[in-house]
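Novice: heads up, no residue letters with this:
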Ligand SMILES: C[S@@+](CC[C@H](N)C(=O)[O-])C[C@H]1O[C@@H](n2cnc3c(N)ncnc32)[C@H](O)[C@@H]1O
């Protein structure tokens, strides 16, 4: 069991609140293309695909690529905007040995209870030399992410996530080494006001795991900032690439 269960309430909030807009997707598309050649016939695994917004984007961007989506939560699978989504998790991927060319994990690694077991399973299904692209917030790196400014208590939750070094160590036990690591700025919302209006606590693990008082104080801070801060809300999550 990860940090949160992704039951029906979380899944509905995630589907409503966490699908990125075209600007943000475009920034990530550019970043991914530095490490992935989406040639026709390439098989790309979206592991922990959630409600499938990345799978859908990959399919739209690269029609010749075969995208395979795997997700452990039935509630997320039921709300997925992409079909089919296979039941499975990082330690038990329902695919044959060396059957995918690349693996994408977006905001998933902090939910994986045994990273070394996940790394071994990814090693098994991934063709030799294929990249593992990990999009995540990592312990010790709150600075690029706006929500942590308004909800400072959530930084303690982020510090329960794996650090970059911990992910690298776990993957090293399965023979992976780091290819690159870089923050990727994305437009999360057109404005802070939009961010405040659309915010759903259930869609964000760090906000679920702070007290109700801390959450209420953060919402008040965010709303106050939205009155004086204009322009897009930009966050930088990290991209860790291993092979
Ligand atoms: C924050 S959501 C991200 C969903 C999707 N990757 C995205 O970026 O839109 C985290 C997802 O990881 C899934 N998850 C939890 N534990 C997992 C595990 N052990 N292996 C794979 N996925 C897991 C959850 O069910 C949830 O759908």
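Specialist: Yes, it's here. Remember, it's a predicted structure, so these values are computed and weren't measured experimentally.
Novice: Which residues of this structure lie near the ligand?
Specialist: 2, 6, 18, 47-50, 53-54, 71-73, 76, 89-90, 106-108, 111-112 (Cβ under 6 Å from any ligand atom). Heads up, the C-betas are built off the backbone N, CA and C, glycines and all.
Novice: Just these: which are in strands?
Specialist: Counting by DSSP state E, those place 47, 71, 106 in strands.
Novice: Let's see if you can find the most crowded of the residues you listed.
Specialist: residue 47 (28 neighbours; other Cβ atoms under 10 Å).
Novice: residues touching that residue, list them.
Specialist: 70, 90, 93, 103-105, 108, 122 (Cβ atoms under 8 Å, 6 or more residues apart in numbering).
Novice: The longest helix along the chain packs against which elements?
Specialist: In the chain, assigned by DSSP state H, the helix with the most residues is helix 212-228. Counting contacts by 3 or more Cβ pairs under 8 Å, 6 or more residues apart in numbering; DSSP states H and E, helix 212-228 packs against helix 147-150, helix 192-198.
Novice: Dump those into TSV; add mean neighbour count as well.
Specialist: Shown next, in TSV, are these (neighbours: other Cβ atoms under 10 Å):
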stretch	mean neighbour count
helix 147-150	20
helix 192-198	17
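Novice: For residue 41, which of those is the nearest?
Specialist: Evaluated with Cβ to Cβ, the helices and strands packed on helix 212-228 place helix 192-198 nearest to residue 41, the distance being 38.0 Å.
Novice: Off-centre distance for that closest one?
Specialist: Chain-centre distance of helix 192-198: 21 Å, with Cα atoms, centre = their mean, to the nearest Å.
Novice: do the same with stretch 173-187
Specialist: Here stretch 173-187 is found 13 Å from its chain centre; the criterion is Cα atoms, centre = their mean.
Novice: try stretch 197-204
Specialist: 16 Å.
Novice: again, but for stretch 117-133
Specialist: 17 Å.
Novice: got the end-to-end distance for stretch 57-68?
Specialist: End-to-end distance for stretch 57-68, by Cα to Cα, to the nearest Å: 13 Å.
Novice: now stretch 124-131
Specialist: Stretch 124-131 end-to-end distance (Cα to Cα) = 13 Å.
Novice: Which positions in stretch 39-51 come out as buried?
Specialist: By neighbour count with 16 or more other Cβ atoms under 10 Å, stretch 39-51 contains the buried residues 42-51.
Novice: could these be laid out in TSV, adding pLDDT?
Specialist: Below are the buried residues of stretch 39-51 laid out as TSV (pLDDT from 0 to 100):
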residue	pLDDT
42	98
43	98
44	98
45	98
46	98
47	98
48	98
49	97
50	96
51	94
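Novice: follow-up on the earlier one: which one of the contacts of residue 47 is nearest residue 197?
Specialist: Once Cβ to Cβ is applied, the member of the contacts of residue 47 that ends up nearest residue 197 is residue 108, at 27.0 Å.
Novice: Look at that closest one and say how many residues are nearby.
Specialist: 22.
Novice: State the distance from it to residue 55.
Specialist: 13 Å (Cβ to Cβ, to the nearest Å).
Novice: Okay, now the unreliable bits of the protein?
Specialist: Scanning the chain for pLDDT under 70 picks out 1-2, 17.
Novice: need the helices for it, in chain order.
Specialist: Taking DSSP H as the criterion, the chain carries its helices at 8-17, 22-33, 53-61, 74-78, 115-125, 147-150, 154-158, 164-172, 192-198, 205-208, 212-228.
Novice: looking at the ones you listed, which is closest to residue 97?
Specialist: That would be helix 115-125 among the helices of the chain, by Cβ to Cβ, at 5.5 Å.
Novice: Not counting its own residues, what contacts the lengthiest strand in the chain?
Specialist: The single longest strand within the chain, with elements called by DSSP E, is strand 178-189. Applying Cβ under 8 Å, 6+ apart, the external contacts of strand 178-189 come out as 20-21, 23-24, 27-28, 31, 34-35, 131, 135, 144, 146, 164, 168, 195, 198, 232-243.
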